[in-house]
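Trainee: Everything below, folded, please.
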Amino acid sequence: MSIKYSVGLKATNTRSDVITIQKLLVKHGFALKINGLCGNKTINAIRGFQKGLKIFPDAYVDINRKTLKFLDSNKITILKNSNFHPAGIGSKFDVTTLRLSQSGINLLKNYESLRLKIYDDQTGKEVSYYVKGATIGYGYLIRNASEFEEYKNGISVTQADSLFRKVLVIYENAVKKFVKVNLTQSQFDALTILCYNIGIGNDSRGFGGSTVVKIINGESTGNLDSAWKAWNKSQGSVSSGLMKRRETELKIYYKADYTRL
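Mentor: Take a look at the predicted model:
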């Protein structure tokens, strides 16, 4: 992507140029509204991106400077003396301090899709009585017949959001429990989205005992990509949808690119 004029602090900030920069920042994991207005959030996001790459954080994107070059790159060049890690873009943090970013939330909701009536998660068809796999909202799994009665007439968008956030905390905490190393924000996001999809568990049938976690923790020397992509089956058969989802998660993990494949 290119811009005609500068964007950021004390810049020209034409609407089309600001939109371009906002889209690039979102691609790299920053939670922004793409509205063409260069307010404090956009300026702070530019500055944060520059800090992560050890570029002088002047919050200014010019057409011929490094910031635009790196924003428009799908594969960030690791700068000398950077605190970036080749397996993930950005500074690393104590995993217990992290929450799923807004970009991660948006993508996860997009994957799970919003359903305001109860449906069977295996067939996608609405159901009028409790079955194992009865689901509502953003992939919320109904636990029993009693809870089915609570939601049998459907829910509102607000209720769906509430259920989503209630469940999301469980998966965020699972990542914090099982992962023993510091992570970048995008690494945490990718792992949380994976965990949400494959289930928590503490054996090889879930996130907690997965080879993915063992490799990340340094407990296995296996190949992370292969271990991650192995979670590609639904009802015993390889799913093209899950294959694309795993590729998207890995793209988030390595490149902080939240574009869905």
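
Trainee: quick one: the helices in the stretch 151-261 of the chain?
Mentor: Remark: helices assigned in the stretch 151-261 of the chain by DSSP state H, counting those that start in this stretch are 157-178, 185-198, 211-216, 224-229, 240-255.

Trainee: Would you tell me which of the ones you listed gets closest to residue 3?
Mentor: helix 240-255 (21.3 Å; Cβ to Cβ). From N, CA and C alone the C-beta is placed, and that goes for glycine too.

Trainee: State the distance from residue 251 to residue 155.
Mentor: Remark: distance between residue 251 and residue 155 (Cβ to Cβ, to the nearest Å) = 32 Å.

Trainee: Surely residue 66 touches residue 55?
Mentor: Yes - if you go by Cβ atoms under 8 Å, residue 66 and residue 55 touch, sitting 5.4 Å apart.

Trainee: for the closest residue to residue 50 other than its chain neighbours, what are its contacts?
Mentor: What sits nearest to residue 50 in space, not counting adjacent residues and going by Cβ to Cβ, 6 or more residues apart in numbering, is residue 57, at 4.3 Å. By Cβ atoms under 8 Å, 6 or more residues apart in numbering, the contact set of residue 57 is 47, 48, 50, 51.

Trainee: cool, and residue 172?
Mentor: 98, 99, 100, 192.

Trainee: quick revisit: what's the lowest-pLDDT member of the contacts of residue 57?
Mentor: Note: of the contacts of residue 57, the lowest pLDDT belongs to residue 51, at 79.

Trainee: Okay, and that one sits in which element?
Mentor: helix 40-52 (DSSP states H and E).

Trainee: ok, then the element right after that helix?
Mentor: According to DSSP H and E, the helix or strand after helix 40-52 is strand 60-61.

Trainee: neighbouring strands for that next one, and are they parallel or not?
Mentor: Sheet partners assigned to strand 60-61 using DSSP bridges are listed as strand 7-8 (antiparallel).

Trainee: Going by distance to residue 259, which of the contacts of residue 57 wins?
Mentor: Nearest to residue 259 among these, counting by Cβ to Cβ, is residue 48 at 19.7 Å.

Trainee: and the angle for the helix or strand of the chain with the lowest mean pLDDT with helix 185-198?
Mentor: Using mean pLDDT, DSSP states H and E, the weakest-scoring helix or strand in the chain turns out to be helix 40-52, at a mean of 86. Following axes from the mean of the first three to the mean of the last three Cα atoms, to 10 degrees, one obtains 110 degrees for the angle between helix 40-52 and helix 185-198.

Trainee: tell me which strands and helices helix 40-52 is in contact with?
Mentor: Judged by 3 or more Cβ pairs under 8 Å, 6 or more residues apart in numbering; DSSP states H and E, the packing partners of helix 40-52 are strand 7-8, helix 15-27, helix 66-71.

Trainee: list the helices and strands whatever helix or strand residue 111 lives in packs on?
Mentor: Using DSSP H and E, residue 111 maps to helix 102-112. With contacts defined as 3+ Cβ pairs under 8 Å, 6+ apart, helix 102-112 has these neighbours: helix 157-178, helix 185-198, helix 240-255.

Trainee: these two touch, right, residue 45 and residue 25?
Mentor: Yes - between residue 45 and residue 25 a contact is recorded at 4.8 Å, counting by Cβ under 8 Å.

Trainee: list the residues that contact both of those two?
Mentor: Common neighbours of residue 45 and residue 25 (Cβ under 8 Å, 6+ apart) are residue 32.

Trainee: show me where pLDDT drops low in the stretch 1-150 of the chain?
Mentor: Low-confidence segments of the stretch 1-150 of the chain, defined by pLDDT under 70: 74-90.

Trainee: Good, wrapping up.
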